[in-house]
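Peer 1: Give me a model of this one.
(2 chains)
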Amino acid sequence: MRVTKGAQIIAGTALLALAVAACGGGGGGSTGSSPGATTGASDAPVRMEIGEPQKLFYPSDTTETEGAEVLAALFSPLVSYNENKEVVNEVAQSIETEDNKVWTIKLKPGYTWHNGEKLIAQNYVDAWNFASNQENVQSASYFFGRIAGYADLNPGEGKTPSTKEMSGLKAVDDLTLEVTLSKPFSQFPVMLGYTAFYPLPKAAFGPDGKVTEEFAAKPIGQGQFSIDKPYGKGTDQTIDLTRYDAFAGAKPKFSKLQFKIYTSTETAYNDLRGGELDIIDQLAASSISSAKSDLGERYIEQPDAGIGYIGFPLKYNKEYENVKVREAIAMAIDRKTIAEKVFSGTRAPADDFINPAIAGYKQGACTVCIFDPAKAKEVYTAANGPKKLELGYNADGGHKEWIEAVAINLRASLGIEVTVKPFEKFQAILDELDAKKYTGMFRMGWAIDYPSPENYLTPIFSTEAAKTGSNYAGYSSKEFDDLLVKGDTAETPEAGLEAYRQAADVLNKELPYVPVYFYKINAGYSEHLKSVKINLLNQVEWESVEKA
Amino acid sequence: MGRYVIRRLIQAIPVLLGATLLIFAVVFALPGDPIAALAGEKRGNPVVVALLREQYHLNDPLIVQYGYYISGVFQGNLGRTYANVEVSQIIAAKFQVTVNLAITALVLEAIFGVGLGLWAALRRGKATDSMILASTLILVSVPTLVTGFVLQLLLGVQLRRWTGGVEIFPIAGVSDGWISYVVPGFVLAGTSIAYLTRLTRTSLVENLRADYVRTAVAKGMPRRRVVGRHALRNALIPLITFLGADLGTLMGGAVITESIFNIPGIGQELFRSVHERQQPVVVGIVTILVLVYILANLVVDLLYAVLDPRIRYE
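Peer 2: Okay, here's the model as predicted:
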């Protein structure tokens, strides 16, 4: 259409006037007194703070929380997790198995993609095959490692996979998916709520069978919201979503959702106080005390499934070999003060290898995780522990303060020399550990991939994980490995939980790491909202959000 | 004059090449693998990491990597980030925002700095002079981080409580147009305003004592004309140098301000990219900053000739 310059100016002015009027309406809404405010407020989006997503929206290439938060609004998972730490079916109608190896997943009928197509079992097969294939370089591909045929798609560096499909995936009919694992794993259903397991529609794939960049910028999901326009990574400051009205699950009670990208949560908090933002899912430590008084009931504090540890290079430094030395170190740390003072209450003292947010946690299971400087000194001297200790941490993640605090604890309690060594990045510690160059203790953290107690055990402490996983200590115990197998093959969830509990107790006894703190969620929301719930994966449950 | 400009621009080419190589080498020398860093604190899938390293030529020696980069640049391609986004696309969007911020800051700086300096110089030794000097001292000694958050709270959050919810200055972000840049621009320009005020005052005081000013006054020229045409014009020379050099500083030094006010400019991007080891973005942004410095200095040099007829460029 040809438009003259004059018309453009007039149109521009009109738009500007509209925008000004809209701003005025918004302002009226925030005071809540003007009569027109209700209509204005119902159209105004719910605005949530996020950091910039690391990548475009490839579900199987998103292993960080910011991108996952957006994807969670666009896609609906097979299962979700309720407040009682239980797995509940979401898109799945039922998930059944006889032997923990062959799993039959039936889908609920009625789910559709945002483009109107029906959601079918084949969508899961396509997505998971794409995610697993090494040629597609998807960072979450390891989630599919337990499915039979994964090895065929991942022959290793420099080799080409012989097939494009995993033998363990089969769409029996439109609503039935059959998954065969390479060995029994009782926790498989728990994994299915994670971002990597979202399905992908036919439209996602280009002619070469890969997910297209256009799709990753403007994904077509099957979840509560659809995205308004392609996301310009690096340039866009907001991501706008609209409720998908044909969604078959629990629908949100508001129609527009907007993610606003911030680099500083302090700034976001000021925006929230000024009425320019509605939800922050993790407040900065410096904002917490004022948030408690400013927000009152609208301040949320709940356990987060992460754990912070101090690790030992067990695989090559014999100084830490004696478990008594590790016990003494565990007793020498004043967790309570660290959690409350150093972290301003954003952490809780750790007393188990499983986080309280997850089923299987036992309060006080780590009996030596209680501050007892006198006993620590006694045990340490009796075990003839080293006179000099080193403590490494990555300087880029706000760990300096608590590591320094631990060092002070160790010096005071054990009466030895302790030096702290900053590494530039966490990766640098890992590299030196791999090269057996760094011999000191190191800070370690774990955020779960799926809310099963197994996730605190196998990936960090199993013998196998020393090669492929995150077992940086190089810990290896037959008893522990056997209990994991027992848990993986357990016939009932209860029996599985029992075995994992025993495995965690092995760790509590042998201390390959020393647990120091559990993370907490410190979130807040504005007066425009009545209720907000955040789930175990740190994602907002949008159906729980209500406008005031 | 034309030949002078061309010569200066040709001189800029080796400077640019040198700067990019230097930055490339520095970013390259930082410890930690950028691809592994993508996985956070977990160990990335080794096959995926290897394939990505291959794709971004990270296994090649520095000079080969630089070769790939610079040949791309000559084809108008600044490369892609490790998250597979076009660098040019990121820089283009963010650069615009920072230019807006820097210009706002520069304008505020010129108005307040020269204005206050002029006022202080004309009231030399009086209470006004002392007060202006004292307040510049405060402005210099309070860090940007503090002024930023305090002004954000006062002008952004508190002010709208007093006005009953009417927004005057936005708290953060740039979605409200020019007004969004005023408070951050002032914060960014803060210390420079103080320096410029003092510089203007000193320079003007000195010129007001000069012989030619006495002559001008003696021959009965109106005071306004003496100050404006004679003293101020000469006093402007050091100020222009300062403003020109400051433009580069304002653009590159906006990291803290952009972070406090959530302004999606290149300062913020540079900080994040250094953190994430995004070599192509860091090199691209720094190259552009070098270019800005070179051009700003050129403009300053040309302005000298305008202000001082004794200076000529062949």
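Peer 1: just the strands in the stretch 301-450 of chain A please.
Peer 2: A:347-349, A:388-394, A:417-423, A:441-446 (DSSP state E, counting those that start in this stretch).
Peer 1: So which of those strands is the most surrounded?
Peer 2: Across the strands of the stretch 301-450 of chain A, averaging neighbours per residue (mean count of other Cβ atoms under 10 Å in any protein chain shown) puts strand A:441-446 on top, at a mean of 24. Every C-beta, even on glycine, is put in place using the N, C-alpha and C of the backbone.
Peer 1: How about residues contacting that one?
Peer 2: For strand A:441-446, contacts defined as Cβ atoms under 8 Å, 6 or more residues apart in numbering or on different chains pick out A:306-313, A:320, A:329, A:389-394, A:399, A:403, A:429, A:433, A:456, A:460, A:470, A:472, A:513, B:41.
Peer 1: repeat for stretch B:239-254
Peer 2: B:98-99, B:101-102, B:105-106, B:109-110, B:113-114, B:188-189, B:192, B:195-196, B:199-200, B:203, B:263, B:265-268, B:270, B:289, B:292-293, B:296-297, B:299-300, B:303-304, B:307.
Peer 1: near chain A, from those?
Peer 2: Counting by Cβ under 8 Å from any Cβ of the partner chain, B:Gln268 from those sit close to chain A.
Peer 1: Now, of the contacts of stretch B:239-254, which are buried?
Peer 2: Neighbour-count burial (16 or more other Cβ atoms under 10 Å in any protein chain shown) applied to these gives B:98-99, B:101-102, B:105-106, B:109-110, B:113-114, B:188-189, B:192, B:195-196, B:199-200, B:203, B:263, B:265-268, B:270, B:289, B:292-293, B:296-297, B:300, B:303-304.
Peer 1: rewinding a little: among the strands of the stretch 301-450 of chain A, which comes closest to A:Ser167?
Peer 2: strand A:441-446 (31.7 Å; Cβ to Cβ).
Peer 1: tally of neighbours for residue 176?
Peer 2: If you meant another chain, say so; for now it's chain A. 16 (other Cβ atoms under 10 Å in any protein chain shown).
Peer 1: Oops, wrong one, chain B.
Peer 2: Using other Cβ under 10 Å: B:Asp176 sits among 14 other residues.
Peer 1: Please state the backbone phi and psi of it?
Peer 2: phi -100, psi 10 (degrees, to the nearest 10).
Peer 1: Give me the neighbour count for the closest residue to A:Gly385 other than its chain neighbours.
Peer 2: Using Cβ to Cβ, 6 or more residues apart in numbering or on different chains and skipping residues adjacent in sequence, the residue nearest A:Gly385 is A:Val325, 4.3 Å away. Neighbour count of A:Val325, defined by other Cβ under 10 Å: 21.
Peer 1: Ok, B:Gly2 next?
Peer 2: Neighbour count for B:Gly2, taken as other Cβ under 10 Å: 7.
Peer 1: Which stretches in the stretch 1-150 of chain B count as helices?
Peer 2: Assigned by DSSP state H, counting those that start in this stretch, the stretch 1-150 of chain B shows helices spanning B:2-29, B:34-38, B:46-55, B:62-74, B:87-109, B:115-122, B:127-141, B:144-151.
Peer 1: Export those helices as JSON lines, with columns for mean pLDDT.
Peer 2: Shown next, in JSON lines, are these (pLDDT from 0 to 100):
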{"stretch": "helix B:2-29", "mean pLDDT": "85"}
{"stretch": "helix B:34-38", "mean pLDDT": "72"}
{"stretch": "helix B:46-55", "mean pLDDT": "78"}
{"stretch": "helix B:62-74", "mean pLDDT": "84"}
{"stretch": "helix B:87-109", "mean pLDDT": "88"}
{"stretch": "helix B:115-122", "mean pLDDT": "92"}
{"stretch": "helix B:127-141", "mean pLDDT": "91"}
{"stretch": "helix B:144-151", "mean pLDDT": "88"}
